[in-house]
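J.: can you look at this prediction? I've put the sequence above it.
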Amino acid sequence: AKLVSALVAMNANVVGLMELQNNGFDEASAIQNLVDAVNVLLPEQQHYAVVKPLSERIGNDMITVGLIYQPSVVQVYGDAQLINAYPFDDVTAKHRVPLVQQFSMVDGGERFYVAVNHFKSKGSNCNALGDPDMGDGQGNCNGQRTLAAQTLSQFFAEKQQVLLLGDFNAYAKEDPMLAFETAGFTNLVPLFEANSYSYYYDEEAGSLDHALADSALTSRVLDATDWHINADEPTGLDYNTEYKSDAQITNFYAPHAYRASDHDPVIIALDMRSAGTISTATELTIAEGSNGSLTIERVAGDFGDVVLKYQVVAGSADEQDLALLSGELTWLDGDMSSRELNIAAYADELVEGTERAYLQLSIEQGAASLALPQVELIIEDNTPLSVAMQFEQMNVAESAGNITIPLVLNGEASTTVSAWVLVLPSSANWFDYRAPFFQGVQWSEGESGVKTVSAKIVDDKRKEGDERFKVYLFSARAAQLGNITSTWVNISDND
């Protein structure tokens, strides 16, 4: 009745139990009897169920560990596992076999592992295993408990969101607990309570019972405490009847939670909300000369701060085509608002066709998942095919002789492109240069770039000062006229 009262009062969603009679999981088993007694006192939505591994018993010891849970809040995810590796094997037979179960949240949230443990006590020795009491205050079998801590830690080396519960029979700064710390686990109660304890021995208080979490789960711990319903209470209040008179047995006992055990229960509060997923579109199309806006959302969860790192990297489009941005976007705990990322594509006068760059994404901080690591940025070319004079001005010496004046096609011709120019006198006239008045150029299909018209500069041996004439682009076929439609050719007098 005391243990039942304690469990009802705690109303924990998952409970790790130690020192259960190891008689299986059927209707007459110790653990099922306990659950039945608890459920009688609880409303149906708070009822417990038993975690049942794929074996009739857990190890061969007379006592064992167990797990019960409230299916209205959590569900088992996958099969329960037993850790039978050394030193939890039947030959060594010093520790109770750890029981491991992964749970998922019924209403959505993160999955987490719970492992319930009961390590070898400090009482009887382990001399036959070469592990005697070293006289350092850590008692018998310290090496065995340290090996157990290392084996348990290794079992979870590739797993995340792990909670280790149980009677580890080691105080907080003894070797087994330090082994857990080395493996990346945090002892939770000391984070919230200085000088915590769960047990008295020879009038000295300490903690043999612990809850430890890996780094991923530690960030989700809201509180941790030892509930002092047992260690502080006199032994006369417990279940035991030895050394008590009939009157004491009758008068001292009460079916409340106090002195249900000699160890205090450890209670942990976890926030198992999902951190969500960072999601966005798979691609973004941006027209040259405009900005594209990409919406980035945090969906399906808001636990914890999240920092998203982004970087625009070149593909066929490079820094001349768009801004190669980089930076970070941040969501605080509880924030599920969207973010807008604006990316500018630059206008140019080249016909380049559709080009691509890539927005690379990664989670820099937080437990959120990433829906996709890369967004394709499609730069849509809106520049028309055009012919233009390459230069507005050209400077030549009077002694230059034959010269060429370039025209440029800004992209690849899909059919034959033709252009025509007029060579027009100004301060320079036919005495100063020779050139056909009307000239044409042509680009064949697939060609682009520069074509030229020509002129010959005449050195007239007269002192006239600088003079100039104009090459005027007046017409094109299969392409538009570009921004520069004339070139002034400036002749420097050398007389």
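T.: Alright, I've got the coordinates. What you see is a predicted model; the values in this text were computed from it and never measured.
J.: show me where the stretch 251-400 of the chain dips below the pLDDT cut-off.
T.: Judged against pLDDT under 70, the stretch 251-400 of the chain has no low-scoring part.
J.: strands along that one, start to end?
T.: 266-270, 277-279, 283-287, 291-299, 306-314, 326-331, 339-344, 355-365, 369-370, 374-380, 386-389, 393-397 (DSSP state E, counting those that start in this stretch).
J.: got CSV for these, with distance to I229 and mean neighbour count too?
T.: Backbone N, C-alpha and C define where each C-beta goes, glycine included. What follows is these, written out as CSV (distance: least, C-beta to C-beta, whole Å; neighbours: other C-beta atoms under 10 Å):
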stretch, distance to I229, mean neighbour count
strand 266-270, 11, 18
strand 277-279, 42, 19
strand 283-287, 60, 16
strand 291-299, 42, 16
strand 306-314, 39, 18
strand 326-331, 41, 14
strand 339-344, 48, 15
strand 355-365, 39, 17
strand 369-370, 40, 14
strand 374-380, 55, 19
strand 386-389, 87, 24
strand 393-397, 95, 14
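J.: can you lay out those strands as JSON lines showing distance to S55?
T.: Output for the strands of the stretch 251-400 of the chain, formatted as JSON lines (distance: least, C-beta to C-beta, whole Å):
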{"stretch": "strand 266-270", "distance to S55": "27"}
{"stretch": "strand 277-279", "distance to S55": "37"}
{"stretch": "strand 283-287", "distance to S55": "52"}
{"stretch": "strand 291-299", "distance to S55": "41"}
{"stretch": "strand 306-314", "distance to S55": "41"}
{"stretch": "strand 326-331", "distance to S55": "44"}
{"stretch": "strand 339-344", "distance to S55": "50"}
{"stretch": "strand 355-365", "distance to S55": "39"}
{"stretch": "strand 369-370", "distance to S55": "34"}
{"stretch": "strand 374-380", "distance to S55": "46"}
{"stretch": "strand 386-389", "distance to S55": "80"}
{"stretch": "strand 393-397", "distance to S55": "92"}
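J.: among the ones you listed, which comes closest to Y200?
T.: strand 266-270 (15.6 Å; C-beta to C-beta).
J.: and of the strands of the stretch 251-400 of the chain, who's closest to N429?
T.: Of all the strands of the stretch 251-400 of the chain, strand 393-397 sits nearest to N429, with 15.7 Å by C-beta to C-beta.
J.: just checking: what are the partner strands of that closest one?
T.: Neighbouring strands of strand 393-397 in its sheet, by DSSP bridges, are strand 486-492 (parallel).
J.: and the strand it pairs with, what's buried?
T.: S486, T487, W488, V489, I491 (16 or more other C-beta atoms under 10 Å).
J.: and the helices in the stretch 201-350 of the chain?
T.: For the stretch 201-350 of the chain, helices defined by DSSP state H, counting those that start in this stretch occupy the ranges 215-218, 246-252.
J.: let me know which of those is tucked in deepest.
T.: For the helices of the stretch 201-350 of the chain, the largest average neighbour count (mean count of other C-beta atoms under 10 Å) is found in helix 215-218, namely a mean of 17.
J.: phi and psi next, for the closest residue in space to K122 that isn't next to it in sequence.
T.: Sequence neighbours aside, G139 is the residue nearest to K122 in space, at 3.1 Å (criterion: C-beta to C-beta, 6 or more residues apart in numbering). The phi/psi pair for G139 (degrees, to the nearest 10) reads phi 80, psi -170.
J.: how about A479?
T.: Reported as degrees, to the nearest 10, the phi and psi values for A479 are phi -160, psi 160.
J.: so it touches L409, yeah?
T.: Yes: checked against C-beta atoms under 8 Å, the pair A479 and L409 is within contact range at 6.6 Å.
J.: looking at those two, which is more packed in?
T.: L409 (25 against 22; other C-beta atoms under 10 Å).
J.: is it true that that one touches L385?
T.: Yes: L409 is in contact with L385 according to C-beta under 8 Å; the separation is 7.2 Å.
J.: which neighbours do those two share?
T.: Residues touching both L409 and L385 (C-beta atoms under 8 Å, 6 or more residues apart in numbering): V417, A479.
J.: what's F168 sitting at in phi/psi?
T.: phi -90, psi 0.
J.: what does Q161 give?
T.: phi 60, psi 60.
J.: tally up the residues packed near the residue nearest to G289 when sequence neighbours are not counted, please.
T.: Once flanking residues are discounted, G289 sits nearest to A347: 3.3 Å by C-beta to C-beta, 6+ apart. The number of residues packed near A347 is 12, by other C-beta under 10 Å.
J.: is it correct that A347 is in contact with A287?
T.: No: using C-beta under 8 Å as the test, A347 is too far from A287 to be in contact (9.1 Å).
J.: buried stuff in stretch 222-230?
T.: For stretch 222-230, using 16+ other C-beta under 10 Å, the buried residues are A224, T225, D226, I229, N230.
J.: which of these fall within strands?
T.: A224, T225, D226 (DSSP state E).
J.: if I pick the first one, what's in contact with it?
T.: Listed by C-beta under 8 Å, 6+ apart, the contact set of A224 reads L188, V189, L191, F192, E193, A211, V266, I267, I268, A269.
J.: now those residues as TSV including distance to A12?
T.: Converted to TSV, those look like this (distance: C-beta to C-beta, whole Å):
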residue	distance to A12
L188	14
V189	15
L191	19
F192	17
E193	18
A211	11
V266	10
I267	7
I268	8
A269	9
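J.: lowest-confidence stretch among the helices of the stretch 201-350 of the chain?
T.: Per-segment mean pLDDT for the helices of the stretch 201-350 of the chain reaches its minimum on helix 246-252, at a mean of 89.
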